[in-house]
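Novice: Build me a model from this:
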Amino acid sequence: MLRLLRHVLRPVRLRIPARRFAEGISALPPTSREALGMDATAGEAVAYNRSRVAVGTAVTLYRSGYRLPLPNEHLEDAVRALGFPYSVPSRETLAAIRAALAVLEADPSISTTV
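Specialist: Numbers count the residues shown, from 1 in each chain. This next block holds a predicted model:
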């Protein structure tokens, strides 16, 4: 009975299966170390990697038909489904995903076909 109650009271989360993204997954760009080399500062590396996660996730969500607004939990599930090495993305990364998705939605001339 208690297990059933916990299940009922648990907030509903969108589980985005990786299989749903199979045709729309964008190619993941190189990591900051590969792209910027060893001379990049910590701040540059963090900004690059945050942008890398945000754009890759936003393009994949957009190709799969997802639109704003999306709650944090949905974005976190998408990041995990895409295999980025973060268990939970930062609030800044979530904001960057939303910004990139908003840009894709705002410009009808952007094509995201595979």
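Novice: low pLDDT regions in the chain?
Specialist: 1-27, 86-87, 112-114 (pLDDT under 70).
Novice: residue nearest the centroid of it?
Specialist: residue 57 (3.2 Å; Cα atoms, centre = their mean).
Novice: what about it, which helix or strand?
Specialist: Using DSSP states H and E, the element containing residue 57 is helix 42-63.
Novice: Show me how far the helix or strand following that helix is from its chain's centre.
Specialist: Using DSSP H and E, the helix or strand that follows helix 42-63 in sequence is helix 72-81. Using Cα atoms, centre = their mean, to the nearest Å, the mean C-alpha position of helix 72-81 is found 6 Å from that of the whole chain.
Novice: again with stretch 56-64
Specialist: Computed by Cα atoms, centre = their mean, the chain-centroid distance of stretch 56-64 equals 7 Å.
Novice: mind listing what the residue nearest to the centre of the chain touches?
Specialist: Under the criterion of Cβ atoms under 8 Å, 6 or more residues apart in numbering, the contact partners of residue 57 comprise 75, 78-79, 82, 84, 97, 100. Every residue, glycine included, has its C-beta placed from N, CA and C.
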